[in-house]
Every structure is written in structure tokens, then in C-alpha cells.
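# have a look; sequence and predicted model below, questions after that.
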Amino acid sequence: MALHVSKLTTRLPTPGSFGLRSVLGTRLPFTGPTFTDIRCAAGRRTLHLLVRQASDSWSAAKSLLLNSELGYYRCAVGRLGKFTAAGSKAFHHTSSSTTSNWTSRSRYQVAFSVLGVSVGAMATLHTTTMLAMSETPEIVTDWQKAKDDFLNETLEERRARCKGSVPLDEIPVWEAVKPVVEPKEVVNKKISLFQGDITKLEIDAIVNAANKSLLGGGGVDGAIHRTAGPMLKKECATLNGCETGEAKITGGYALPAKYVIHTVGPIAFGGVTDKERNALRDCYLNCLQTAVENKLRTVAFPCISTGVYGYPPKEAVDVALDTVRKFLEQYHDKLDRVIFCVFLETDKELYRLNIPRYFPAESPEPAGSAVKSKL
Ligand code: APR
């Protein structure tokens with residue numbers, strides 16, 4: 001049963017004509033008595049019902065003014081709907097009654113004025129709420145202002161303010177490491193990178209970066225002699241020293257390692273020439289050969305010459321990896337493990353970056369390539 005709003009608009013502004021739309025933006029559905037029904041207006045009892053519903057919808061509208069919550073809004077609309085539903089019930093009820101002491105004109109005037117009160121309340125309420133929401137001035141917070149100021153700085157202003165800032169063109173592009181050899185899994189699984197104290201390694205032999213006297217010193221040399229104990233020095237004394245690039249073996253004594261292979265690296269303070277490069281290569285090669293000759297299967301190298309002897313670690317790493325790689329190509333069956341034992345974080349990074357160049361992983365089999373020959 002719909003209230004024919006079109007006929008009513010000539011007499012009473014409908015919610016839609018006030019621009020009154022639900023806060024959800026849609027025209028409010030109105031159900032209620034038809035125009036004809038209103039013409040046979042209510043009796044006294046029904047009129048009381050109408051007035052009560054209208055006052056309820058007004059108080060709901062008022063509470064919405066105070067709260068401007070969508071829920072209250074719906075509640076006010078709901079009451080308005082109840083009011084019109086009650087009105088239609090009343091009109092039906094009255095239209096069936098035979099006598100009424102009201103003139104038809106005054107009854108329908110009262111009904112409409114009550115209806116108008118509640119619709120007007122709704123319209124006021126909604127418009128007030130919309131106005132309140134629409135007039136809120138845009139508040140600029142302090143951080144928004146600061147953000148805009150910084151973003152509008154010129155590059156010169158920014159650089160003048162940020163002392164020591166790093167421009168992008170001072171940051172080199174990442175250089176992907178290119179393998180220098182073909183991948184070979186049988187060789188790859190023979191090496192390890194370990195960061196820590198070489199004197200702790202429980203393996204066949206550790207290499208000592210010694211000096212020509214072989215009687216101990218600082219750095220790794222000192223650490224090895226301290227841990228091995230005094231008998232190491234006694235045996236070293238029998239070896240008549242060691243030349244740069246050469247290697248000599250002793251027992252490990254109190255060390256967890258069984259043997260110590262002593263070598264003397266090149267002194268490279270003045271820079272690296274082929275002489276230093278070849279001497280360093282000899283250190284690695286001779287230590288490996290000494291291990292194989294003594295049937296040792298596992299050996300660990302410190303970063304020879306890169307400490308006291310000043311060999312630049314970035315150049316030493318290439319010599320170390322290249323020499324070990326070439327040796328294992330030939331003698332991978334003679335050794336189970338060659339460990340690069342680094343002590344410093346910087347050396348660890350260097351080896352992590354360069355090991356893949358000398359010990360590249362084999363590329364994964366392309367999908368489907370394992371198809372067996374039909375022959
Ligand atoms: N475990 C592993 N590596 C170590 C340890 C340790 N306990 N102690 C030091 N190192 C590292 C250093 O960080 C460096 O990277 O060993 C590398 C070699 O440094 P040095 O021991 O100074 O050896 P080197 O540069 O070859 O100089 C040899 O120094 O100790 C004296 O008697 C030695 O005269 C010889 C000279």
C-alpha cells in the first residue's frame with residue numbers, strides 16, 4: 001500500500017522535495033495510506049495514535065540532532081514509517097465506521113498537519129546533519145605542512161641541509177659475478193667457507209701464515225703456537241726456517257688439528273707485482289701438495305699475507321680461489337675438503353662474493369631435458 005507521493009506534493013513537501021535523502025543517498029521508501037483513504041479522516045482514538053507517533057518521530061529526530069548517528073537517523077525514519085502505517089490503519093478502521101462527529105475537512109487537515117510535523121522534523125534533522133558534515137573546514141596538521149615543505153625543497157636546499165648525503169650517481173651499480181670457469185659439481189662439493197678461529201678446527205691440517213724463522217710471531221702464527229704449545233716451536237726449530245712461497249709440515253700437538261703446514265707469504269706493502277702474486281700462489285699450491293703427499297684429506301687456509309704482510313685482501317682472494325680451484329680440478333679425488341677459514345667480516349664478504357666465480361653452481365637441468373634417447 002503506497003502513499004501516492006506525487007498527489008501529496010501539491011499539498012505537503014515530501015522528504016525527497018526537501019532534498020531529504022537518506023544519508024545513504026537513496027530516496028526513502030514511504031508506505032502509508034492512499035490519498036483516498038486520507039480523505040475519510042480518523043476518529044478521536046486514531047487521532048491520538050497519530051499524534052503519539054508524530055511526537056515519537058520528532059523526539060527521535062531531536063535525539064539524532066544531538067547525535068547525528070546514522071543509527072538514530074534510521075530509527076527516526078522507522079518511527080516515521082510506523083506513524084504513516086498507524087495512520088493508514090486508523091483511516092481504514094475509521095472509514096468502515098458509520099458515524100463520526102468530525103467534518104471530513106477538519107479530520108484530514110489534522111492528519112496532514114501531524115504528518116507534516118514529523119516529515120518536517122526529519123527534513124530539518126537531515127539538512128542540519130549534512131550541513132554540519134559539509135562545513136567542516138579542512139584541517140592541516142603540523143606534519144602535513146612539514147611534509148609539503150620538505151617535498152617542495154630544491155635539490156640544492158636539500159643538499160645544503162643534509163650534510164654528507166650520498167647522491168645516487170655515487171652508488172655503483174651491482175656487478176653480477178661472472179663465473180671464470182665452467183661449473184663442476186665434483187669440485188664444488190670439496191670446498192667450504194668458515195669464519196672463525198682456525199685453531200679450533202678438528203681436521204687433518206691447518207695452514208699457518210708464518211715468518212721465515214718458523215719460530216712463531218703474531219697474528220695467526222701466534223695463535224697457532226699458543227694453542228699447540230711449546231713443543232711445536234721445538235720441532236719448527238729443526239726445520240731450518242722456510243722461504244717465501246715454500247711449505248713445511250709439523251705435528252699439531254695440543255691443537256685439535258693433527259698437523260700444521262707452515263708457509264711464508266709475500267710481503268706486499270709496496271703493492272702487488274707478479275712476484276708477490278706468484279709467491280702467494282706458491283703458498284697455496286705447496287700447502288696442498290704437502291697435504292696430498294702426507295695423505296691428509298682435509299685442510300684449512302687462513303688468508304695468507306693479508307694481515308701483517310699487507311697483501312690487499314681483494315687481490316689475495318683471487319689468487320687463493322684460483323689456485324685451489326685448479327688444484328682440485330686435477331686432484332679432487334685426493335682431498336675431501338679444502339676450507340677457507342676467514343677471521344674478519346670483510347674477508348667473509350670477499351669470499352662470499354668471489355667463491356661463486358671460481359666454483360659456479362651447475363645450472364639446473366632445463367625442464368624436460370631428461371627425456372631418454374629413443375635409440
Ligand atoms: N684464525 C684464523 N685467522 C686468523 C686468526 C685466527 N686465530 N688470527 C688472525 N687471522 C687472520 C688475519 O685476520 C688475517 O686475515 O689471518 C690472516 C693473516 O694475517 P697474519 O697472521 O698477520 O699473517 P700475515 O699477514 O701472513 O703476516 C705474517 O705476521 O704473525 C706474523 O709471524 C707472522 O711474521 C708473520 C706475519
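Structure's in. What do you need? Residues are numbered from 1 along each chain as shown.
# flag the shaky bits of the protein, pLDDT-wise.
1-137, 365-375 (pLDDT under 70).
# helices along that one, start to end?
Shown for the chain, the helices assigned by DSSP state H span residues 5-9, 35-39, 44-67, 70-96, 104-134, 142-151, 155-161, 185-188, 219-228, 230-236, 274-293, 313-331, 345-358.
# I figured Val324 was touching Cys287, is that so?
No. Counting by C-beta atoms under 8 Å, Val324 does not reach Cys287; the two are 9.7 Å apart. For every residue, glycine as well, the C-beta is placed using N, CA and C.
# more neighbours: the two, which one.
Using other C-beta atoms under 10 Å, the more surrounded residue of Val324 and Cys287 is Cys287, with 29 against 24.
# close to the ligand: what parts of the stretch 101-250 of the chain are there?
Within the stretch 101-250 of the chain, the positions adjacent to the ligand are 197-199, 209-211, 217-223 by C-beta under 6 Å from any ligand atom.
# let me fix that, I meant to ask about the stretch 251-375 of the chain.
Within reach of the ligand by C-beta under 6 Å from any ligand atom, the stretch 251-375 of the chain has these residues: 265, 302-309, 341, 343-344, 347.
# pull out the buried members of those.
By neighbour count, with 16 or more other C-beta atoms under 10 Å, these hold Gly265, Pro302, Cys303, Ile304, Ser305, Thr306, Gly307, Val308, Tyr309, Cys341, Phe343, Asp347 as buried.
# just the residues you listed now: which is nearest the ligand?
Minimum distance to the ligand across these is 2.2 Å, recorded for Gly307 (C-beta to the nearest ligand atom).
# can you report how many residues lie near the residue in the stretch 1-150 of the chain that the ligand sits nearest to?
Nearest residue of the stretch 1-150 of the chain to the ligand: Phe150, at 44.4 Å (C-beta to the nearest ligand atom). By the criterion of other C-beta under 10 Å, Phe150 has 11 neighbours.
# now swap in the one 10 residues further on and tell me
If you count neighbours by other C-beta under 10 Å, Ala160 ends up with 11.
# do the same with Tyr253
Applying other C-beta under 10 Å, we find 20 residues neighbouring Tyr253.
# hmm, Cys236 and it touching each other?
No. Assessed by C-beta under 8 Å, Tyr253 is found out of contact with Cys236, at 10.9 Å.
# residue of the stretch 51-200 of the chain with the smallest distance to the ligand?
Counting by C-beta to the nearest ligand atom, the stretch 51-200 of the chain gets nearest the ligand through Ile198, at 3.7 Å.
# hmm, Cys303 and that residue touching each other?
No. Here Ile198 lies out of contact with Cys303, judged by C-beta under 8 Å, at a distance of 10.1 Å.
# identify the contacts common to those two.
The contact sets of Ile198 and Cys303 overlap at Phe343 (C-beta atoms under 8 Å, 6 or more residues apart in numbering).
# how near is the closest residue to Gly222 other than its chain neighbours to Val260?
Once flanking residues are discounted, Gly222 sits nearest to Gly216: 6.2 Å by C-beta to C-beta, 6 or more residues apart in numbering. Distance, Gly216 to Val260, using C-beta to C-beta, to the nearest Å: 11 Å.
# the two: which is more packed in?
Val260 (25 against 19).
# shouldn't the more buried one be in contact with Ala254?
No. Val260 lies out of contact with Ala254 (C-beta under 8 Å); the separation is 11.1 Å.
# the residue of the stretch 51-200 of the chain closest to the ligand: neighbour count?
25.
# show me what contacts Asn208?
Val220, Asp221, Ile224, Val260, Ile261, His262, Thr263, Pro302.
# what's around the nearest residue to the last one once chain neighbours are set aside, how many residues?
Nearest residue to Pro302, sequence neighbours excluded (C-beta to C-beta, 6+ apart): Val220, at 4.6 Å. The local packing of Val220 (other C-beta under 10 Å) involves 23 other residues.
# gap between the two ends of stretch 161-168?
Between the opening and closing residues of stretch 161-168 there is a gap of 17 Å (C-alpha to C-alpha, to the nearest Å).
# show me what it is in contact with.
In contact with stretch 161-168 (C-beta under 8 Å, 6+ apart) are residues Glu153, Arg158, Arg159.
# distance of the nearest residue to Val292 once chain neighbours are set aside from Asn294?
Spatially, and ignoring its direct neighbours in sequence, Val292 is nearest to Lys334 (4.7 Å; C-beta to C-beta, 6+ apart). According to C-beta to C-beta, Lys334 stands 11 Å off from Asn294.
# again with Leu280
Counting by C-beta to C-beta, the gap from Leu280 to Asn294 is 22 Å.
# one more: Pro266?
The value you get for Pro266 to Asn294, if C-beta to C-beta is used, is 24 Å.
# ok, those two, which is more surrounded?
Neighbours were counted for Pro266 and for Asn294 using other C-beta under 10 Å; Pro266 has more, 23 against 14.
# what's the first-to-last distance across stretch 336-353?
Note: stretch 336-353 ends 23 Å apart using C-alpha to C-alpha.
# repeat that for stretch 168-176.
This stretch, stretch 168-176, spans 19 Å end to end (C-alpha to C-alpha).
# next one: stretch 181-197
30 Å.
# list of residues touching it?
201, 223, 300, 324-325, 328-329, 332, 335-343, 345, 347-348, 351-352, 355, 358-363.
# let's see it at 7 Å
Applying C-beta atoms under 7 Å, 6 or more residues apart in numbering, the contact partners of stretch 181-197 are 223, 324-325, 328-329, 332, 335-342, 348, 351-352, 355, 358-362.
# quick revisit: tell me which two in the residues of the stretch 101-250 of the chain next to the ligand are the farthest apart.
Greatest spatial distance among those (C-beta to C-beta): Asp197 and Asn211, at 20.0 Å.
# more crowded one of the two?
Comparing Asp197 with Asn211 by neighbour count (other C-beta under 10 Å), the higher total belongs to Asn211, at 21 against 14.
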